[in-house]
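Novice: Attaching a predicted model along with its sequence, questions to come.
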Number of protein chains: 2
Amino acid sequence: MAHDIRIVTEAELRKAVPLDHAAVDVVERAFAALGAGNVVMPPILSMDLPEANGEVDVKTAYIPGFDGFAIKVSPGFFDNPKLGLPSLNGLMILFSSTTGLVQAVFLDNGYLTDIRTAAAGAVAARHLAPEVVTTAGVIGTGVQARLQIKAAHLVRPFGRVLVHGRDPDKAQACAADLARDLGIEADVTDAEALVRNAQLVVTSTPSRGPLVRAEWLHLGLHITAMGADQAGKTEIDPAALAAADLYVCDRVSQCAVSGELEAARAAGLMADTPPELGEVITGTHPGRTAQDQITICDLTGTGAQDTAIASHAAGVLGDAGTVIRA
Amino acid sequence: MAHDIRIVTEAELRKAVPLDHAAVDVVERAFAALGAGNVVMPPILSMDLPEANGEVDVKTAYIPGFDGFAIKVSPGFFDNPKLGLPSLNGLMILFSSTTGLVQAVFLDNGYLTDIRTAAAGAVAARHLAPEVVTTAGVIGTGVQARLQIKAAHLVRPFGRVLVHGRDPDKAQACAADLARDLGIEADVTDAEALVRNAQLVVTSTPSRGPLVRAEWLHLGLHITAMGADQAGKTEIDPAALAAADLYVCDRVSQCAVSGELEAARAAGLMADTPPELGEVITGTHPGRTAQDQITICDLTGTGAQDTAIASHAAGVLGDAGTVIRA
């Protein structure tokens, strides 16, 4: 039966759905629901296209209390830059949780994923970072590195950020952008100085080896490791995970196969089941219990965040997009 | 990077993509590729929404030689009829196999699934039914029952069809539609007479118990069982499967969990690995080797068919649909 479906482009979404407190709050609701145990979130569907050096992932989750659920398709085609195209693309589809009818198609080329991923960083910082953060640090210089610092700044309004990247020019550009956009001091430094001098560190790289060493940890530090999202990727020394007072997963089942927990367990560490971010939000787990503790949060990305951000987008879009009766 | 995406409605697709030889041929190519073993087809992503009596399935497949791959989302919300809405809906998205960019969004509400499912029935009949079919039969009276008979008629132009359904009025209506649309004789009868008098039988029901008994089988019969597509569903007596000269799956891994093979193996029968339809098409398996053999083909529905029909649709659409730059 024909019904109205809203088709929304990346440009329209960028205008209507900024990284703001509302986006952080809706993603926090998704994690709280995950923590309460009433989200239906099937394993990620993943397909390789070896001839094109490509892969595609599909994520979804049903969260009770949300009117809709999202299905997100994320293709990654790693030869695209040779063609002048970005590697990552994709779209989200929002369905009614009551009837299954398609409500909206977000042709976002990954933009909503960027926002919901950054928002998860803010949720982690809100619930795990020390109350006072004067200096933050980010390892990584890409789009998501920038967004992570902007998201963290929403919940911990630090006056200084340190940036580290393998390419000094990119690190300098990232620092300049953050200084301008947030109106704060921003400096480029090495990874060790960054970790030692910040109270809040975000790692946002595709690294396959540890970037943060255990001996750099210090009292009153929180790290959000959001780069690892695939088997073999890791950013944090397993010894650092073991040394922290608290290690928290977005989803244990995902972190164990594609997050920091994978490498740590391969090294014979972290055999116990860690708590999840949602359990900290709901209070099932106490989270950080002293300002001088060391905490690490491991974010691999969940379908629940996709359902949250797509639902949020639908609510704030107003008349944006094209309505097609189909 | 913004690029053109074609958005196509169900009405536009119904006009541009009929059930015809071209649709059958492209689905046959998909099965041939499956039979050759070079299709990447991950397990179906499936999510239950118990509070809404709903479920959603996502299928995909990459077929070398096809320019695109489809991701199909099929929601089934079984309380929808109370709201005056169909239970089944959904859409297909066509991506470039080279870049992963979204090429087209088919807001088809399940129409392309109907066509690719019927086309698979024609492929099964083309490769497994006796060469001469004068009478076909269909158990089931829904949209797909009608399409299956139309599809079979493309490859075996029989002059008579027998129809059986639990509801005599629906069976009568189905027979009348088929008589009118195909210009053939169509009669309503019971299941036993139907099977005994037809050379080609299609079962197209959501049955959870056998509808076709082993003792009704006769020389020179082909059955396509396409109703069972979920654990617990079955249409054919396990003894009939065992008694046939040849039992063929669309995909063994799927038939074993959601097709006729599931019930047969639960009954202690059919322990050997059956051939797949694609192997019959490519000649790896000889298929029917005599006109008087009894053959059964079990269709559960594959992502490869979705990629095939979506690619076909993109090729025949011409200017249909709305182009959105996103």
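Specialist: Perfect, I can see it now.

Novice: Could you use CA atoms for every contact and neighbour count after this?
Specialist: Will do.

Novice: Count residues in the vicinity of the closest residue to chain B within the stretch 1-150 of chain A, would you?
Specialist: Relative to chain B, the nearest point of the stretch 1-150 of chain A is residue A:9 (4.8 Å; Cα to the nearest Cα). Using other Cα atoms under 10 Å in any protein chain shown, residue A:9 has 22 neighbouring residues.

Novice: show me the contacts for it.
Specialist: By Cα atoms under 8 Å, 6 or more residues apart in numbering or on different chains, the contact list for residue A:9 reads A:106, A:107, A:108, A:321, B:324, B:325, B:326.

Novice: Phi first, then psi, for it.
Specialist: Here is the backbone geometry of residue A:9 (degrees, to the nearest 10): phi -90, psi 170.

Novice: bridging residues for it?
Specialist: Beta-bridge pairing for residue A:9 (DSSP bridges): residue A:107.

Novice: Show me the shaky parts of the stretch 151-300 of chain A.
Specialist: Nowhere does the stretch 151-300 of chain A drop to pLDDT under 70.

Novice: So which residues of it form strands?
Specialist: A:160-164, A:185-188, A:200-203, A:208-212, A:222-225, A:234-236, A:246-249, A:295-298 (DSSP state E, counting those that start in this stretch).

Novice: Please identify which of these is closest to residue B:256.
Specialist: strand A:246-249 (35.8 Å; Cα to Cα).

Novice: Remind me what that closest one packs against, helices and strands.
Specialist: strand A:295-298 (3 or more Cα pairs under 8 Å, 6 or more residues apart in numbering or on different chains; DSSP states H and E).

Novice: Relative to the strand it packs on, what are the paired strands and their orientations?
Specialist: Strand pairing for strand A:295-298, using DSSP bridges, gives strand A:222-225 (parallel), strand A:246-249 (parallel).

Novice: Need the contact partners of the first one.
Specialist: So that's strand A:222-225. A:121, A:124-125, A:128-130, A:199-204, A:235-236, A:260, A:294-299.

Novice: And for the last one?
Specialist: Identification of contacts with strand A:246-249 by Cα under 8 Å, 6+ apart yields A:241, A:255, A:274-277, A:287-288, A:293-299.

Novice: hmm, try it at 6 Å
Specialist: A:274, A:275, A:276, A:277, A:295, A:296, A:297, A:298 (Cα atoms under 6 Å, 6 or more residues apart in numbering or on different chains).

Novice: Is it possible to get a markdown table of the residues you listed that adds distance to residue B:153 and neighbour count?
Specialist: Below are the contacts of strand A:246-249 laid out as a markdown table (distance: Cα to Cα, whole Å; neighbours: other Cα atoms under 10 Å in any protein chain shown):
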| residue | distance to residue B:153 | neighbour count |
| --- | --- | --- |
| A:274 | 60 | 15 |
| A:275 | 60 | 21 |
| A:276 | 57 | 23 |
| A:277 | 58 | 30 |
| A:295 | 67 | 25 |
| A:296 | 64 | 28 |
| A:297 | 61 | 26 |
| A:298 | 58 | 30 |
